[in-house]
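Student: Give me a model of this one.
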Amino acid sequence: MAKDDTRPEAYTGLSKVYQAQDNTEKAERLFSDALKKQEDNIELHRACIKFYIRSDQKEKIPELLDNATSTITDELPEYVVKTPKFSLDDGEDYDDVQQLKLTAESGNKIYYTKNKKKPTTGSHKYNSPIQIEEGDTTIYAIAVNKAGIPSLPVKKSYTVEPAVSPSTGQYSTAQEIEIKVPDGYTAYYTTDKSEPTTSSTKYTGPVEMPEGETIFKAVLVNAKGRVSG
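Tutor: Reported below is the predicted structural model:
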């Protein structure tokens with residue numbers, strides 16, 4: 001390294017010595033310090049990636065490449081994994097339970113969490129749409145290629161505020177049923193299991209929940225007469 005500090009073999013050799021001494025942290029620092037000074041050294045980046053694979057720290061590869069220049073990432077495409085795509089936009093309030101679909105590049109697997117923790121290959125494996133229930137939900141997801149290299153995690157948060165509250169369920173005391181009516185809309189409802197129309201009871205305020213089983217159905221109608229589901 002003293003003779004030529006650009007040669008990746010020197011760092012690889014010394015990192016293996018540190019690993020043999022159970023000092024993986026020192027081995028990683030060896031690469032990170034060198035890469036700060038040699039941002040355009042493609043082979044040194046490659047050697048660092050192989051170190052992460054060798055030390056079972058593949059989750060650090062996307063972080064390394066995210067901070068690298070496009071020159072580096074263009075030369076190391078086999079280690080660049082695109083993040084999963086979400087079918088629902090975040091930052092928007094929904095008034096009903098949603099189905100979230102995740103997609104990744106062909107051959108890549110997807111893993112996700114719903115507990116606000118970053119996902120790993122030990123997290124839930126995505127096989128079918130994720131149910132976004134009422135309330136606040138945060139989904140973290142990664143894509144993983146065939147070599148086990150992950151993407152950066154993607155986080156999206158969703159809020160489902162039902163148009164009708166309280167939610168479906170059993171209640172031991174009388175409740176008031178409320179409909180969230182947006183500006184410019186009128187709500188109509190039924191409690192006899194029939195489908196509501198503009199001829200049904202117009203909602204003007206909270207409705208007393210009667211004893212026994214009640215099927216409460218409601219629709220929203222805008223100024224042009226268009227009826228919601």
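
Student: going forward, measure contacts and count neighbours with C-alpha atoms only.
Tutor: Noted.

Student: in the chain, what secondary structure element scores lowest on mean pLDDT?
Tutor: Ranked by mean pLDDT, DSSP states H and E, the helix or strand of the chain with the weakest confidence is strand 93-94, at a mean of 80.

Student: Sheet-wise, list the partners of that strand with their directions.
Tutor: Its sheet considered, strand 93-94 pairs with strand 154-160 (parallel) by DSSP bridges.

Student: Which positions in the strand it pairs with come out as buried?
Tutor: 154-155, 157-160 (16 or more other C-alpha atoms under 10 Å).

Student: For the residue nearest to Thr191 when sequence neighbours are not counted, give me its contacts.
Tutor: Nearest non-adjacent residue to Thr191, counting by C-alpha to C-alpha, 6 or more residues apart in numbering: Phe216, 4.7 Å away. Applying C-alpha atoms under 8 Å, 6 or more residues apart in numbering to Phe216 gives the contacts 189-193.

Student: Endpoints of stretch 141-148, how far apart?
Tutor: Using C-alpha to C-alpha, to the nearest Å, one end of stretch 141-148 lies 15 Å from the other.

Student: do stretch 64-76 as well
Tutor: The straight-line separation of the ends of stretch 64-76 (C-alpha to C-alpha) is 12 Å.

Student: any idea of the mean pLDDT for it?
Tutor: In this model, stretch 64-76 has a mean pLDDT of 96.

Student: Check which residues of it are buried.
Tutor: 65, 68, 72-73, 76.

Student: and what of stretch 17-30?
Tutor: Those would be 18-19, 24, 27-28, 30, for stretch 17-30 by 16+ other C-alpha under 10 Å.
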